[in-house]
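> From the sequence below, what's the structure:
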Amino acid sequence: QHYKSITFIERLQDAVMLKLSFPSVARGWAQLPAASTSKVLAVTCSRKLSTDDGYIHRSLVPTEHYQKSLPRLPIPKLEDTCSRYLAALEPILTTSEYKDSEKIVNEFLNGQGKELQAHLVAADKQNKNSSFIHQPWTEVYQMDRRPVVLNHNPFLGFVDDPDPTQNTQLNRTTNLILSSLRFYRTYRDGLLEPDIYHMNPAKSDSDRFKKLIRYVPKSLSWYGAYLAKAFPLDMRQYPYLFQSTRVPKRGKDENRRYPDSKHIVVIHKGHFYSIDALDSNGDMLDGGVIKSSLAQILEDPREVNFNSIGYFTSMNRDSWADIRDELESLNPELLHKIDSSMFVLCLDEYDVAKRAPGTEISVADAIPLIKNGLHGEAYNRWFDKCFNMIVTKNGKGSIHFEHSWGDGVSVLRYFNEIYKDSIAKHHVGPTEGGSAVKLDPELSPNLIQALENARGDFEKVKNSFVLDVMKFEGFGKNDLRKLKVSPDSICQLSFQMANWRFKREFVGSYESCSTAAFKYGRTETIRPCTKETKACSIAFDKENPAQLDEMSELLSACSKKHNKLTKEAAMGAGFDRHLFALKFLNNKLNGAPLPIFEDPNHAKLNYIILSTSTLVSPALEVGGFAAVVPDGLGIGYAMFDDWFGTQASYYPPGNDGSEFIKELTGVCEDLKTVLNGKSFKEPRQV
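As a prediction, this is how the structure comes out:
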């Protein structure tokens, strides 16, 4: 879930012109890289303030106007995928290991791979209303038996409301709920501005253009947007943003939707409640009614319930599936109430990172905020829900979301829109007329014992999860742009260099890129560990650094290579999703594994030690995700105009993020020195 900005206008125009010239045969489609979502949101968040009729805004263009004519996700050529796969393997393998894999890949390319490719292409032609990766990628989440908390679910944390009086728990929650309901109704009624990337906002984001494009047939609307240098994004994940849940099942979970839902489930101190949010006509209830319901819950004198059924959602999925069957037999209405809710609201009974109004968040503040957003206390969460809205006692708000139903594009759009709306339209008026219904489960002795076991397991994992944070000042986008190197490429290079200095190895690394500009697009992988980053990391070795000219040339080469990989991934020309789809298809058709997928070097590449993600938004104060393997690092980062921020999550003793951060700080110092035309010779003391 990770979003970065990059200019690729020439490739984008080439791809689009190819489609316009040869629509029946064109396969190359350009699209917005994952992190460029920040650019999309900079546009969508600049809309007029929320209307007075229960909507965020009223779009002149229907929400799904462009969806029918979106381009389809291309299937790469098999030879290109094999070549890119080998290029990703090379920097992490010895020469002999690489030769072994090269032989296996060539046999696949000239044998079974061709047959699988033909099947994949044929199936894709028969399924034009989806993409070749949509079903396999959804199932990879649904079939993972690990707990969703920390292994999959990320979170985004809001900046405080500029008005300190609105940052009480009751006021902040009320405002965020009302804005969420306005967003939901705006989308439901087709009035939400379409997700679209504007290259020339003055032209394509104008009322004049919108009044024209809305009359263009849906089958042609994408072409009309292109003529104005605007590129619509897929919005097919939006229906799962609200009123949906993940349900545990043996072997493979399910995603369910409840489109008629009109209530919110609230958890406070481990106790569950239901409050109405919409009336029978689907209109918003008065803000005073909702605020009154929340006040009743906050005034409930009961102590913390450490036998909360929320712990169940932190379990192994098969174990939770078995327990749920018994829980549902005793509490069918209660579970239906939770599953069918619009979302789950978690009112935490404790302060997190409390500080004076108007002061900036410190490194010390960031760590508890991130931990609370990522896992918090499981008795006060329902990790299976489409999203948990979390508000602490001191009014810190965040969104924790389940990942199987979709990716970050839709969540981030929602996050940005409701932040802007919530700080612009504070609830005023009487607080009265609400009611909260208690949802108290019946628990058998077996369920109580299972809860105790789940609580113990969760506490072990929670207590083993560690986070370290770095804020490096005087090194940011402004400096890098002057030097004509990609800021994201330097960020990714710094992680490779830090890991090399720390571990003396090059490992499987991951950066995600959204494919939302394609119909049913999900994500593609950028592989940041390359021959170029390897050479640069070795050249910057403290004990024997290269000459300044060589280091400068290597930095430029790393930037060019990273930009190339990002463009390829963004245009559906990566190799990871293609190989995954071929593996999925082979398992379905043949059952027997193929040598390419049994190759230990394939496993090595996909054992992600460095999992990275970036996101920048004016509404975002903190965000995060966990390491994806026991000895890995979860690296969240953001580069601003004049500083670089990074967080590293890990599970000791498998890895040590504090040492990684120390090395990363030294790397940033050395990169800054070289990028400013100076050299370094003396070893640094760590």
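
> Need the phi and psi values for the closest residue to Pro232 other than its chain neighbours.
Distance criterion Cβ to Cβ, 6 or more residues apart in numbering; nearest residue to Pro232, sequence neighbours excluded, is Tyr66 at 3.5 Å. C-beta coordinates here come from the backbone N, C-alpha and C atoms, glycine included. In terms of degrees, to the nearest 10, the main-chain angles of Tyr66 are phi -100, psi -10.

> How about Lys385?
Torsion angles at Lys385 (phi, psi; degrees, to the nearest 10) stand at phi -70, psi 150.

> Please apply the same query to the one 3 residues further on.
As for Asn388, its main-chain torsions (degrees, to the nearest 10) stand at phi -100, psi 120.

> these two touch, right, it and His400?
Yes. Distance between Asn388 and His400: 4.4 Å, which falls inside the contact criterion (Cβ atoms under 8 Å).

> any common contacting residues for those two?
Both Asn388 and His400 are in contact with Arg381, where contact means Cβ atoms under 8 Å, 6 or more residues apart in numbering.

> how about the helices in the stretch 401-550 of the chain?
408-424, 445-464, 477-482, 487-503, 531-539, 548-570 (DSSP state H, counting those that start in this stretch).

> Am I right that Leu582 is in a strand?
No. Counting by DSSP: H, G, I helix; E, B strand; the rest coil, one finds Leu582 to be helix, located in no strand.

> what number of residues lie near Leu156?
Using other Cβ atoms under 10 Å, Leu156 has 26 other residues around it.

> Apart from its neighbours in sequence, what residue is nearest it?
Closest to Leu156 by Cβ to Cβ, 6+ apart is Gly623, at 4.6 Å.

> Okay, angle between the helix or strand containing the one you found and helix 408-424 too, please.
Using DSSP states H and E, Gly623 sits within strand 620-624. Relative orientation of strand 620-624 and helix 408-424, computed by axes from the mean of the first three to the mean of the last three Cα atoms, to 10 degrees: 150 degrees.

> Output strand 620-624 as CSV, nothing but the C-alphas.
Extracted in CSV, the C-alpha atoms of strand 620-624 (Å, rounded to 0.1, in the frame of the first residue of the first chain):
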residue,chain,number,x,y,z
LEU,A,620,-1.6,13.0,6.9
GLU,A,621,0.4,13.3,10.1
VAL,A,622,1.6,9.7,10.4
GLY,A,623,1.0,6.4,8.7
GLY,A,624,2.5,3.0,8.7
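
> Give the partner strands of that strand in its sheet and their orientations.
Paired neighbours of strand 620-624 in the sheet (DSSP bridges): strand 155-158 (antiparallel).

> nearest spatial neighbour of Leu565, skipping sequence neighbours?
Using Cβ to Cβ, 6+ apart and skipping the chain neighbours, the partner closest in space to Leu565 is Ile526 (5.2 Å).

> my read: the one you found touches Cys513, true?
Yes. Between Ile526 and Cys513 there is a contact at 5.3 Å, judged by Cβ under 8 Å.

> which residues sit in contact with the residue nearest to Leu156?
The neighbourhood of Gly623, defined by Cβ under 8 Å, 6+ apart, consists of Pro154, Phe155, Leu156, Gly157, Ile370, Gly373, Leu615, Gly636.

> Distance of it relative to Lys211?
According to Cβ to Cβ, to the nearest Å, Gly623 stands 37 Å off from Lys211.

> got it, and Gly429?
The gap separating Gly429 from Lys211 is 36 Å, by Cβ to Cβ.

> what do you get for Leu178?
Leu178 is 30 Å from Lys211, where distance means Cβ to Cβ.

> what do you get for Gly508?
From Gly508 across to Lys211, the span is 50 Å (Cβ to Cβ).

> ok, now Val121?
Per Cβ to Cβ, Val121 is found 41 Å from Lys211.

> try Pro136
Going from Pro136 to Lys211 by Cβ to Cβ gives 41 Å.

> out of these two, which sits in the more crowded spot?
Counting neighbours by other Cβ under 10 Å for Pro136 and for Lys211 shows that Pro136 has the greater number, 19 against 11.

> Just the pLDDT for the closest residue to Lys534 other than its chain neighbours.
Nearest residue to Lys534 in three dimensions, chain neighbours excluded: Pro91, at 4.3 Å (Cβ to Cβ, 6+ apart). For Pro91, the pLDDT comes out at 98.

> do the same with Ala364
The model's pLDDT for Ala364 equals 83.

> Now for it, how many residues are close by?
10.

> CA atoms only: put stretch 163-172 into PDB for me.
What follows is stretch 163-172, C-alpha atoms only, in PDB (Å, rounded to 0.1, in the frame of the first residue of the first chain):
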ATOM      1  CA  ASP A 163      -9.300  24.600  15.800                       C
ATOM      2  CA  PRO A 164      -8.100  23.200  19.200                       C
ATOM      3  CA  THR A 165     -11.700  23.200  20.600                       C
ATOM      4  CA  GLN A 166     -12.600  20.600  18.000                       C
ATOM      5  CA  ASN A 167     -10.000  18.100  19.100                       C
ATOM      6  CA  THR A 168     -11.900  16.700  22.000                       C
ATOM      7  CA  GLN A 169     -12.800  13.000  21.500                       C
ATOM      8  CA  LEU A 170     -16.500  13.700  21.100                       C
ATOM      9  CA  ASN A 171     -16.200  16.700  18.800                       C
ATOM     10  CA  ARG A 172     -13.500  15.200  16.500                       C
END
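
> any weak-confidence spans in the stretch 51-200 of the chain?
Across the stretch 51-200 of the chain, the ranges flagged by pLDDT under 70 are 51-52.

> Tell me which stretches of it form helices.
Counting by DSSP H, counting those that start in this stretch, one finds helices in the stretch 51-200 of the chain at the ranges 78-89, 95-109, 112-126, 134-143, 169-188.
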